[in-house]
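> Structure of the sequence below:
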Amino acid sequence: MGSSFRHRVRVRYSDCDPQGVLFFANHLTYFDIAITELWREAIGPYGDMIDAGVDIVVAEAALRYRAPVPFDDEIEVSAEVTRLGTTGMTTRLQILRDGEVASEGELRHVFVTAGGNEKREIPDEIRAGLEPYLAAD
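Numbering: from 1, shown residues only. Alright, predicted model coming up:
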């Protein structure tokens, strides 16, 4: 059974809407930040992957809002890989405020050649780095 990656962040003023809560589209931005930090911990710097000729692109995003996330609150974004396929991966993400789910979603990424859009298999070293974060069925 894999472990969930967690990243803490404080909600910035510039990320909020006029009501003083995290703007709806920025939930996806925070998901992206969590993916980048997961990548750094599991694989290494994202740029190293690009230099090796590999990139990932978002093919699908789903998001459900559960509760507001006010300006200046410290939140936790969790991520766990739910699927590692041949050329793609799916990640389940949550924004947690005081331990409660404020939003939850899923991102599906496809591996491509860096600088292009040609699908490619997930390299073995990336697969090995992500496997500890693979959720149990």
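> Name the residues of stretch 51-58 that are buried.
The neighbour-count check on stretch 51-58 (16 or more other C-beta atoms under 10 Å) flags 54-56 as buried. Where C-beta positions appear, they are placed from N, C-alpha and C, glycine not excepted.
> Need the contact partners of that stretch.
Under the contact criterion C-beta atoms under 8 Å, 6 or more residues apart in numbering, stretch 51-58 has outside partners 49, 89, 107-115, 117, 120, 123, 126.
> Minimum pLDDT in these, which residue is that?
Ranked by pLDDT, the contacts of stretch 51-58 bottom out at residue 117, which has 87.
> what helix or strand does the closest residue to that one other than its chain neighbours sit in?
Excluding the flanking residues, the one nearest residue 117 by C-beta to C-beta, 6 or more residues apart in numbering is residue 57, at 7.3 Å. Applying DSSP states H and E as the criterion places residue 57 in strand 54-65.
> swap in residue 75?
According to DSSP H and E, residue 75 maps onto strand 74-84.
> Run the chain-centre distance for that strand.
Relative to the chain's own centre, strand 74-84 is displaced by 6 Å; criterion: C-alpha atoms, centre = their mean, to the nearest Å.
> Equivalent analysis for stretch 109-119, please.
Centroid separation for stretch 109-119 versus its chain: 17 Å, with C-alpha atoms, centre = their mean.
> for stretch 101-117, same thing?
That offset, for stretch 101-117, works out to 7 Å (C-alpha atoms, centre = their mean).
> which residues in this structure form strands?
For the chain, the strands defined by DSSP state E occupy 5-10, 54-65, 74-84, 88-97, 100-113.
> List of residues touching the first one?
With C-beta under 8 Å, 6+ apart as the test, strand 5-10 has contacts from 30, 33-34, 37-38, 41-42, 72-80, 133.
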